[in-house]
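>>> sequence and predicted structure are below.
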Amino acid sequence: MTAAPATRSATSPVTGGGTFTGTRPLLRLALRRDRVKLPVWLAAVAVFHLVSARSVLALYPEAHDRVRLAVTSAVSSVAVVFNGLVSGTSPGAAVMSQTLLPTTVAAGFMNYLLVARHTRQNEETGRQELLAAGVLGRRAALTAALLLALGADVVLCVLNLGVLVVAGLPAGPALLAAAAISVAGLVLGAVAGVTAQVWESTRAAAAAAGAVLAVAFGLRAYGDTAGELVRHGTAIRPGPGSRLSPLGWAELARPFDADQWRWLLPGLVLSMALAVVAFALVDRRDVGAGLFQPRTGRPRATAFLGTPVGLAWRLQRTSLTAWAAGLAVTGLATGAGASQADSLLGSSKETEQMIRDVAGGAGVSLADAYVGATFTFLGAVVAALGLLTVLRLHSEEADGHAEALLATGVGRVRWAMATVLVGLAAVLGALVVCGAVTGLAWSLTSDVGAGALWRVTSAALAQAPVALALTAFGLLAFGLAGRAAATVSWSLFAACVVLGPLGSLLGLPAAVVDLSPLAHSPAAPAVAASAGPQAVLCLVAVVLAGAGLGAFRRRDLDSR
Amino acid sequence: MQSSPDAVLVRGLVKTFGATRALDGLDLTVRTGEVHGFLGPNGAGKSTTIRILLGLLKADAGERVLLGGDPWTDASRLHRRLAYVPGDVSLWPNLTGGEVIDVLGRLRGGLDEARRADLLARFDLDPTKKVRTYSKGNRQKVALVAAFASDVELLLLDEPTAGLDPLMEEEFRECVLAERRAGRTVLLSSHILSEVEALCDRVSIIRAGRTVETGSLEQMRHLRGTAVTATTARPVAGLGTVAGIRDVVATDGRVTFTVEGETEAWDAALAALSRAGVLSMTSSPPTLEDLFLRHYGPDA
C-alpha cells in the first residue's frame, strides 16, 4: 500500500465510512425528535409505579394483611392473569404482585414503539433515503434506534429504582426489580428491531412487535395460572409457559423475595441475539424494502366504501376490532371475577372496603359492587376509545386526506359526521361487547342465571353518557383548536383521569375530584344510574359536538 | 347563474395567515371552455387561491365566484361540478389505488367507467396496489385518473405533473387537450412553462399574492417583442433611434436587439442590417421563460 494521497480520490471512501458511520448524529436527531414523547413515557411509568407502590403499602401495612393479599391473589386466576405471579409476603413482594407486570408491559410498549418509530417509520416516510444518501453507514439507523432504546431503559431502571426506594423499600431488591423491568423492555425493543426489517409499513412492524408482546403475556398468563401454589399459598411456582416469556423472566426474578438475579440473563442474551438477527437483515435488504412483498388488494371499491361512513369505518375498523377483542377479554375476566367475588374479595376487608368505596354501600352484593367498580373504570377506557376515534378527523386533516375528500361533493359536516357516527358506534359497541361478555361469563360460571346478561349489559351502557361527553369534547377541540386538537383533548382526558378514578387514591379533596366527569361514572349495577346526571351528560355531549362541528364549518382547513 | 361566461371570477382576493399576507388583492378570470395557465413561483399564492376556490380556506376580502356560486357557502354543491388534483397528493396508505379512485369519484357523484378503464391503461397504473407502495408519481396518477374519469365542468389542477415522467406528462397533456375539446374548463397551476405554453389559451402570472399580468400568450409576446441576434460584415448603424426597437447591443460585428413595434420597426431593422452586410441572423419569439424572468427576475 502506498501512502494515501492528500486529496480524496473519487473512488476512495470518506474516512470512517464504516457500516456504523453516522450513528452519533442520528442518535442526536432521534433524541431531538423524542424530546417530549420519551420523557412523558418515562415519567408516566414512574408516576404509576410510585402511586401504586404507595397505595399497596398503605393498604397492607401488617404482615397478616400481606399474607391475605398473597393468598387471595394467588388463588384468583383473574388476578394472576392480569397482575402476574405472587411471590411471598414481604412489603416489596406485595408491591411487586401489583406493579411488576403492568410496568413491564408498559416498558415493552415504550421500547417497541420507540424502535419502530426510529427505524421503519423513517424508511416509510422517505426520510431515511435522504439520510442514507449522506455519509451514513448501513447499520447506523438501527444502531441509533437500539442505543436510544437502551438509553431509555437505563433511565427507566434508575427511575424505578428511585421510586421503590422513595416508597421505602430496600435498594438491592429494588435494583433487581427495576433491572428486570428494563431488560424485558429491551427485549421488546430488539424484537421491533427485527420486525422493522421484515415489514414495509411502520404500522405492520409495530403490530408484529405488539403481537410478540401479546404472546409473551399469554405464555406467562398460561404458565402462571397453570402453576402450583407453594409456601402455604403465598407464592406460585409457575408452569413452563412463564419460563418461555420475557415477561415471565421478570416475574421469575422474584425481587423482594428470592432475588433471582440470574433471570436477568435470558432477556439480555435474547436482546443481543435479536440485535444480531436485525443487523444481519439490514445488511441484506434494500433500503425501504421489507422481506414480505406487500399484498395487493381490490381493484375496485365496494359500494359501502364509496360513502363517507363506509370510508370512515374502513379507516378504523382494524383498530376498533382490536379494541372490541380487548374489551371482550376484560369482560371475560370481570364476569369470572364476579363469580368468585364473594370468596376472594370477602376474605380481604381492605379490598372489600376499597371496592365498596367506589361502588356504593353495604346493601348490595359484593359481586355487584365488584362489577360496578370495574365498570366505572370501563367508562374512562371507552371514553379514550371514543376520543381516539373522533380525533381521526384531526389526523385526516393534518395528513391532507381531508383536502382530497372535501374537494368532492361531500360537505364538511357530512364528512365529519361520518366519523362521529363511527365514534358513537364504537363507544356503544364497546360497552355492549364488554357488558354482554361480562354477563355471559358471570352467568356461565355461577348460578346468577341468564338474566345477568341483560342486567350487566345495560349496566355497562350506563357508562355511555360520560364516555360520549368526553368524546364530544374531542370534537369541540377539533373544531376550535385545529392543529392542537389532539394535545388539548388528551390533556383534558388525562386531567379527568387523574382527578376522577385516581383522585381518591391520591387523596385529593372531594370538591376537586368532583370536577372530573369520570368521578360521576355510575357504579351500575351496584348503584342504579340516576336519570338526571345521565341526561345532563348526554346534553353536554350533544352541545359540545354541535359546537365543534359548527366551529369546524367556519374555520380554514389546516393545509400543509 | 348558468349564463355566467366565466368559470372563475376573482377580484381583489386577500388572505392572511397570521402576519403573512399570502394573497394581496389577487385577480383571476377563467373563461368557460378555456385552459387557463396559473403561473407563479413557489409561495406566490397559487395553492392558496385554489384552496379558497375549493372552500377549504375562507378569504379575508375580495369577490370570488366559482361556476356562478360562492365557493365557501355552496362548496359541496359546486364540487359535484368540478374535480381537483393537488400537487402533493396525500392518500390513505392502506387503500388500493383502485379503491381511492372509486371513493373520490363516487363521493363526487359518479365516475365514467369506460374513461376510468381507459385512463388506468393510459397512465399504466396498477389499481390493485396499496397506496403505501406507490411512488410519488403513481400517487399523482391516482388523483389524475380520479379527476379525468369524472364528468365535470371544471378541473382545478394544482401543479399536477409533479413526479410524472416525460411519457406520462405527454399523456397528461393529451388528457387536458381532450378536456378542452369536450368543452370543459381547466385551471392549470404550474411553474413548468413549457407545459403552460403547450396547453393554455390564456395565462395569469402572479407574484407575492398579486396578479402581475394576464392575457393570451400572443398578447404577452407582443408586449415582450422579438429578440434578434445578427453578425454583420460592417458595424450596424442607426438602430438606436428607431421607435419600437430597444436594447441594442453591438460588439465586434455582432448585434442584438429587441423589436417591439410593428411593420415600420421591422422595416427599419432589416434595412439597417442589410446595409451592414448580414453574415448570419436569428430571431426568436420570447419564451415564457423570458416573460417569467421579466416578472420574477432580479431586475423585476
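Ah, there it is.
>>> next up, the contacts around the most centrally placed residue in chain B.
By C-alpha atoms, centre = their mean, chain B has its centre lying nearest to B:Gly37, at 2.5 Å. Listed by C-beta atoms under 8 Å, 6 or more residues apart in numbering or on different chains, the contact partners of B:Gly37 are B:188, B:190, B:196, B:199-200, B:202-204. Any C-beta I mention is one placed from the backbone N, CA and C, and that applies to glycine too.
>>> in the chain, mark out all the strands, start to finish.
Assuming you mean chain A. Ranges of strands within chain A are A:228-230, A:235-237, based on DSSP state E.
>>> wrong chain, I was asking about chain B
B:6-17, B:20-31, B:35-39, B:61-66, B:82-85, B:154-158, B:185-190, B:202-207, B:210-216, B:226-232, B:245-251, B:254-259, B:278-284.
>>> need those in a markdown table (columns: mean pLDDT).
Output for these, formatted as a markdown table (pLDDT from 0 to 100):
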| stretch | mean pLDDT |
| --- | --- |
| strand B:6-17 | 94 |
| strand B:20-31 | 94 |
| strand B:35-39 | 94 |
| strand B:61-66 | 94 |
| strand B:82-85 | 94 |
| strand B:154-158 | 95 |
| strand B:185-190 | 94 |
| strand B:202-207 | 90 |
| strand B:210-216 | 89 |
| strand B:226-232 | 89 |
| strand B:245-251 | 85 |
| strand B:254-259 | 88 |
| strand B:278-284 | 90 |
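>>> turn those into CSV, columns for distance to A:Ala328.
Below are these laid out as CSV (distance: least, C-beta to C-beta, whole Å):
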stretch, distance to A:Ala328
strand B:6-17, 47
strand B:20-31, 51
strand B:35-39, 55
strand B:61-66, 50
strand B:82-85, 43
strand B:154-158, 46
strand B:185-190, 51
strand B:202-207, 58
strand B:210-216, 61
strand B:226-232, 77
strand B:245-251, 81
strand B:254-259, 80
strand B:278-284, 75
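>>> pretty sure A:Leu264 sits against A:Ala253.
Yes: A:Leu264 lies in contact with A:Ala253 (C-beta atoms under 8 Å); the separation is 6.5 Å.
>>> need the single longest helix in the chain, by residues.
Answering for chain A, as no chain was given. In chain A, with assignment by DSSP state H, the single longest helix is helix A:308-345.
>>> the intended chain is chain B.
Ranked by residue count and defined by DSSP H, the top helix of chain B is helix B:166-181.
>>> show me what counts as buried in that helix.
B:168-169, B:171-172, B:175-176, B:179-180 (16 or more other C-beta atoms under 10 Å in any protein chain shown).
>>> overlap in contacts of A:Leu264 and A:Ala253?
What both A:Leu264 and A:Ala253 touch, as defined by C-beta under 8 Å, 6+ apart, is the set A:176, A:180.
>>> just for the chain, where's the confidence low?
No chain was given, so I picked chain A. Along chain A, the model assigns pLDDT under 70 to residues A:1-17, A:77-78, A:342-352, A:354-355, A:357-362, A:501-507, A:559-560.
>>> actually, chain B is the one I wanted.
Residues of chain B that meet the cut-off, pLDDT under 70, sit at B:1-4, B:221-224, B:287-288, B:294-300.
>>> try 80
B:1-5, B:192-194, B:217-225, B:260-262, B:285-300 (pLDDT under 80).
>>> need the contact list for A:Leu405.
Counting by C-beta under 8 Å, 6+ apart, A:Leu405 has contacts A:308, A:311, A:396, A:415, B:104, B:107.
>>> and A:Leu264 and A:Ala253? Which one has more around it.
A:Ala253 (27 against 18; other C-beta atoms under 10 Å in any protein chain shown).
>>> ok, A:Ala235 - how many residues close by?
Considering only other C-beta under 10 Å, A:Ala235 is surrounded by 24 other residues.
>>> what are the phi and psi angles of the residue of chain B positioned farthest from its centre?
Within chain B, the residue lying farthest from the chain centre (C-alpha atoms, centre = their mean) is B:Arg234, at 43.8 Å. Dihedral angles of B:Arg234 (phi, psi; degrees, to the nearest 10) stand at phi -120, psi 160.
>>> now the one 4 residues further on
B:Gly238 has phi and psi values of phi 90, psi 10 when expressed as degrees, to the nearest 10.
>>> which residue, other than its chain neighbours, is closest to it?
Once flanking residues are discounted, B:Gly238 sits nearest to B:Ala272: 5.1 Å by C-beta to C-beta, 6 or more residues apart in numbering or on different chains.
>>> gap between the one you found and B:Arg254?
According to C-beta to C-beta, to the nearest Å, B:Ala272 stands 14 Å off from B:Arg254.
>>> and those two? Which one has more around it.
Neighbour comparison, B:Ala272 and B:Arg254: the larger count goes to B:Ala272, with 21 against 14 (by other C-beta under 10 Å).
>>> for A:Ser489, see how far away the residue nearest to B:Phe38 when sequence neighbours are not counted is.
Excluding the flanking residues, the one nearest B:Phe38 by C-beta to C-beta, 6+ apart is B:Ser189, at 4.0 Å. Going from B:Ser189 to A:Ser489 by C-beta to C-beta gives 35 Å.
>>> ditto for B:Phe17
B:Phe17 is 24 Å from A:Ser489, by C-beta to C-beta.
>>> so the residue nearest to B:Gly238 makes contact with B:Thr241?
No: between B:Ala272 and B:Thr241 there is no contact under C-beta under 8 Å: 10.2 Å.
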